[in-house]
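Visitor: Provided below are the primary sequence and the corresponding predicted coordinates.
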Amino acid sequence: MTNKEKALDYFSKRFHCSQSVLAAFADKCGITEEQALKTGACFGGGMRKGEVCGACTGALMALGLLYGHTDENDLESRNHANKVTVEMMDRFKEKMGSYLCRDILNCNLATADGTDHARKNDLFTKVCPKAIATAVEILEEIIRENE
């Protein structure tokens with residue numbers, strides 16, 4: 001199963017977009033799928049506030065696990081982590097039109113009306129899978145470029 005298939009499978013089982021993307025890369029990131037699902041659990045729907053798309057956030061968490069810095073004096077590692085972050089955000093915005101959940105869904109999940117609108121218009125099944133697939137594709141590109 002590809003990473004994209006894994007991520008979409010998780011999402012089809014009602015996991016958040018953030019959980020789905022991170023869990024699809026758990027083995028590559030050196031964590032268990034359970035750890036990935038728990039870590040990503042509070043980031044779906046732009047942290048339930050329509051902020052940064054959870055699919056993009058899940059990819060950023062994976063990038064942090066892969067390229068994050070752990071030594072306060074290692075500026076090269078810090079700069080590299082910053083670089084892949086900007087690449088992820090810019091590429092995601094280019095392909096999805098925004099990296100903000102409320103812009104991508106054209107409604108604000110921070111409100112009951114926004115969430116109702118998303119449900120009534122099947123946005124979680126029509127738009128979110130595209131965001132997940134896009135995040136996975138970009139994440140795979142960045143990983144390939146950094147190997």
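Guide: Noted; the coordinates are in hand.
Visitor: hey, let's count contacts and neighbours off CA atoms from now on
Guide: Will do.
Visitor: Does anything pack onto the helix or strand where residue 87 lies? Which helices or strands?
Guide: Taking DSSP states H and E as the criterion, residue 87 maps to helix 75-96. Contact analysis of helix 75-96 by 3 or more CA pairs under 8 Å, 6 or more residues apart in numbering; DSSP states H and E lists helix 54-67, helix 128-145 as its packing neighbours.
Visitor: Could you tell me how far the last one lies from the centre of the chain?
Guide: Looking back up the chat, that one is helix 128-145. With CA atoms, centre = their mean, to the nearest Å as the basis, helix 128-145 stands 8 Å off its chain's centre.
Visitor: Name the residues that touch it?
Guide: 3-4, 7-8, 11, 17, 20-21, 55-56, 59, 63, 84, 87-88, 91-92, 95-96 (CA atoms under 8 Å, 6 or more residues apart in numbering).
Visitor: what kind of secondary structure is the residue of the chain most remote from its centre in?
Guide: Within the chain, the residue lying farthest from the chain centre (CA atoms, centre = their mean) is residue 73, at 28.3 Å. Here residue 73 is recorded as coil under DSSP: H, G, I helix; E, B strand; the rest coil.
Visitor: can you give me phi and psi for it?
Guide: For residue 73, the backbone dihedrals are phi -90, psi 0 (criterion: degrees, to the nearest 10).
Visitor: Ok, residue 52 next?
Guide: When read as degrees, to the nearest 10, the backbone of residue 52 gives phi -60, psi 130.
Visitor: my guess is it contacts residue 103, does it?
Guide: No. With contact defined as CA atoms under 8 Å, residue 52 does not reach residue 103; the gap is 9.6 Å.
Visitor: of these two, who's got more company?
Guide: The neighbour comparison of residue 52 against residue 103 (other CA atoms under 10 Å) goes to residue 52, with 22 against 16.
Visitor: From residue 18, how far off is residue 118?
Guide: 17 Å (CA to CA, to the nearest Å).
Visitor: tell me the most buried of the helices and strands packed on helix 75-96?
Guide: helix 54-67 (a mean of 25; mean count of other CA atoms under 10 Å).
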